[in-house]
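Chemist: Sequence plus predicted model, see below.
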Amino acid sequence: MGQKIVNRTGILIVLAAIATFVTAPALAQETIKIGFFAPITGPAAADGASAQHAVELGVKEVNATGGIKGKRVELIVYDDRFSPQEAVAIANKLIEKDQVAGVVSGSYSGPTRVTAPIFAKAGVPMVAGYAVHPDVTKAGESNFRNGFLGEVEGGAAGEYAVKVLKSKTPAVIYMDNDFGREISAGFIKRAQKLGAAIVARQVYKFPGEKDFRPFLTRIKEARPDLIFAAGYYNEAALIVRQAKELGITVQILGEEGFDSPKFIELAGKDAEGVIIATNLDRDDPRPVVQNFLKNYKQAWNYDPDMVGASSYDAFKILVAAIEKAGTDRKAVIKALMETRDYNGLTGKLTRFVKGEVVKPVQFQIVKDGKFRRHGVVDNPEVITPPTQ
Amino acid sequence: MIWQQIANGIATGAVYALTTLGLTMVYGVLRVLHVAHAGVYALGAYVGLWAFRFTGNFWIGLVVAMAACALAGVLIERFLYAPLLHLPRIIPLIASIGLFIAMEEAFRIVAGPYALAYDAEVRFGSLALGPLRLTGPQTLILTVTLVLLGLLWLLLSRSRVGLAMRATAMDAEITSSFGVNTRAIIALNFLIGSAMAGAAGALIGVYDNQVWPTMGSVPAYKCLAIVVLGGLGNIPGSVLASFLIGLAETLLIGIVAIPFPRDALAFVAMILRHDPSSDVPSIRSAGKGVGTPMEIHRFRRFFRKDSAP
């Protein structure tokens, strides 16, 4: 009796297993699933929305032109709420439940870096849009980054400050998080190497600081000829406004955290003349840039920013690799490694070095309430990511 | 430059004072930690911004923000706290935290996740008092704060209503036995305190040119620390504590460059003041109120056990 039940159950299990194996590939063939996570709610919701909107635009474009080899792209979107714990659960879900071909991170360093080892272990290709922490790519060879390392972008800003803006005595103000520390360290290292002397260094708490007057008052005292400021657009707008309020008139040089129409809106006329290091050049005549700027505005009714553009690029880079290699994850990773001279929205990507992108750093200036091209740093000594 | 730092500190202190006032007034009459007060503060910023966009006048925006927050405060008292007051004090506290989170999310849903610009051009000249130079926005903040504090002081010390308010804060039961409608007085406390928070929200919105959904989250806990420092329920004490913390924070980061975030200072001060064996001078004596040692002990007990104080 008992024997029979076991046998019957066994047969059922085998049948169920066969059914799964037979039907699963059939279902999977209809679409190519690409995972996406971003802080859609919570304290970083603004950037989450920006990334999501840009990637959804990318999906629409890919599907409108016939998908990937005739298969539609299906974007599986998760909200990490800016929480690493949440991101771990999402990574496991994307791998096991959704069985995606690849993943795009539209999130910050915190959530992205905890998912990196999970994707690496499962051999799932992941391209991060704008997460800056070095650990994101160190976890394994399946992880790639489309944004700059803090050190690279900071170094380029240092190069630009000394060589182009002719600064000899810059001051530095930055937020106390991974991004702030690394980008300012990169700036200081490069600027000092080129002979500049850092006259003041101020660190502010992030998140939460809104009153930069005490820091700026100290900087004013040191009489710098340029201020390199690191922060996201909310902080950036406050720094720029409060500097003007205190009568500081020297050039302010920012970074990609400033790169948002929100910065210009919040800083108002005080944003005029501010120069930033970023990866999105609005005056780049290439159609990929001009079409994106136009289509994004049309679709979402506001101007895109660096976060959106970088996430869009991350998605498109992954799509290009899948197009080349099919949906086999190993082949996709190999295709990503072999990416050469990719015509990206955020600049011409030369190649990936250990998952880190190599492309020129753009400099934009705020003129009449718009970001405009000011210059570019493409010195290979500066823009090649450190391999150590 | 030290004078510039002092000016920075005074302006910061003025903002803290406006925000903490409501919190201390509510604690004074209800013995409830009104965390949702920070939500009212953010509401003030949003309403002020909306009214400003509608009318183009900052001052109308400020008044509308104060009115809306006053109403919100009265509603919170009537529908959130009043039904919960017979329960252990931890229950209204949890309800308050819940309301605060709900308000933050409501702001996000209604107004979007982005910070909004509050670009009201208020032409306020910079002010020079000897070596002390206040920038235009700082002068605006300080002027409005001092006017509102002055009005509140007049009300509390020169009117019968003020007397009833002070009496209710000392002992609501005995006060009501003298024929004072303490329910109305409690509502009045919420009304005034919330209006002050509304003014603080609108002023900060303009000062920083930013209004965003979670703008209340730092004030939510920092003001709590300041209120405890000033003596729970003690109005002059919390005003003094606000200016002290504002100044101390600014001078510490602006001159000594302390190695920890400035927000920590209010908590360090709170803990130091909290310790009965500590010899840190108390500023409780700055005003007569309910910030008695007994009160502090009740507060401590309240956090140790989840039972009624």
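Modeler: Noted; the coordinates are in hand.
Chemist: residues from the stretch 51-200 of chain B in reach of chain A?
Modeler: B:Glu105, B:Arg108, B:Gly112, B:Pro113, B:Tyr114, B:Ala115, B:Ala117, B:Asp119, B:Thr135, B:Gly136, B:Pro137 (Cβ under 8 Å from any Cβ of the partner chain). Yep, even glycine has a C-beta here, placed from its N, CA and C like the rest.
Chemist: show me the contacts for the last one.
Modeler: For B:Pro137, the residues meeting the contact criterion (Cβ atoms under 8 Å, 6 or more residues apart in numbering or on different chains) are A:Glu245, B:Ala11, B:Val122, B:Phe124, B:Val206, B:Tyr207.
Chemist: ok, of the residues you listed, which one's closest to B:Ala241?
Modeler: Within the contacts of B:Pro137, proximity to B:Ala241 (Cβ to Cβ) peaks at B:Ala11, which comes in at 16.2 Å.
Chemist: helix/strand/coil for that closest one?
Modeler: helix (DSSP: H, G, I helix; E, B strand; the rest coil).
Chemist: For A:Thr112, state which of the contacts of B:Pro137 is nearest.
Modeler: Of the contacts of B:Pro137, the one sitting nearest to A:Thr112 (Cβ to Cβ) turns out to be B:Tyr207, at 34.2 Å.
Chemist: Got the confidence number for that closest one?
Modeler: The confidence metric pLDDT takes the value 88 at B:Tyr207.
Chemist: With B:Leu142 as the reference, measure out to it.
Modeler: 11 Å (Cβ to Cβ, to the nearest Å).
Chemist: quick one, phi psi at A:Ile68?
Modeler: phi -100, psi 110 (degrees, to the nearest 10).
Chemist: I'd say it and A:Glu323 touch.
Modeler: Yes. A:Ile68 lies in contact with A:Glu323 (Cβ atoms under 8 Å); the separation is 5.2 Å.
Chemist: The two: which has the busier surroundings?
Modeler: A:Ile68 (21 against 15; other Cβ atoms under 10 Å in any protein chain shown).
Chemist: so what's the more buried one bridging to?
Modeler: Beta bridges link A:Ile68 to A:Lys71, judged by DSSP bridges.
Chemist: In contact with it, which residues are there?
Modeler: A:Ile32, A:Val62, A:Val319, A:Ile322, A:Glu323.
Chemist: which residues sit in contact with A:Arg72?
Modeler: Counting by Cβ under 8 Å, 6+ apart, A:Arg72 has contacts A:Glu30, A:Thr31, A:Ile32, A:Asn63.
Chemist: Would you map the helices across the stretch 201-309 of chain B?
Modeler: Using DSSP state H, counting those that start in this stretch, the helices of the stretch 201-309 of chain B run over B:217-229, B:235-251, B:263-274, B:293-304.
Chemist: Now do the same contact list for A:Ala49.
Modeler: A:Ile40, B:Pro113.
Chemist: With B:Tyr46 as the reference, measure out to it.
Modeler: In terms of Cβ to Cβ, A:Ala49 sits 19 Å off from B:Tyr46.
Chemist: Can you name the residues of the stretch 151-300 of chain A that neighbour chain B?
Modeler: A:176, A:202, A:205, A:208-211, A:213-215, A:217-218, A:220-221, A:234, A:237-238, A:241, A:245-246, A:262, A:265-268.
Chemist: Can you tell me which of the contacts of A:Ile68 are buried?
Modeler: A:Ile32, A:Val62, A:Val319, A:Ile322 (16 or more other Cβ atoms under 10 Å in any protein chain shown).
Chemist: picking that back up, buried among the residues of the stretch 151-300 of chain A next to chain B? Need that as a selection in ChimeraX.
Modeler: Here is the ChimeraX selection string for the buried members of these, based on 16+ other Cβ under 10 Å:
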select /A:202,205,209,210,211,213,214,215,217,218,220,221,234,237,238,241,245,246,262,265,266,267,268
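Chemist: quick revisit: which residues are in contact with each of B:Tyr207 and B:Leu142?
Modeler: Counting by Cβ under 8 Å, 6+ apart, the contacts common to B:Tyr207 and B:Leu142 are B:Ala11.
Chemist: who has more neighbours, these two?
Modeler: Comparing B:Tyr207 with B:Leu142 by other Cβ under 10 Å, the one with more neighbours is B:Tyr207, at 25 against 19.
Chemist: Dihedrals phi and psi, A:Ala171?
Modeler: Dihedral angles (degrees, to the nearest 10) for A:Ala171: phi -110, psi 160.
Chemist: so where's chain A uncertain?
Modeler: A:1-29, A:388 (pLDDT under 70).
Chemist: Look up how far chain B lies from the residue most central in space within it.
Modeler: The centre of chain A sits closest to A:Tyr130, judged by Cα atoms, centre = their mean, with a distance of 1.0 Å. Distance from A:Tyr130 to chain B, counting by Cβ to the nearest Cβ, to the nearest Å: 17 Å.
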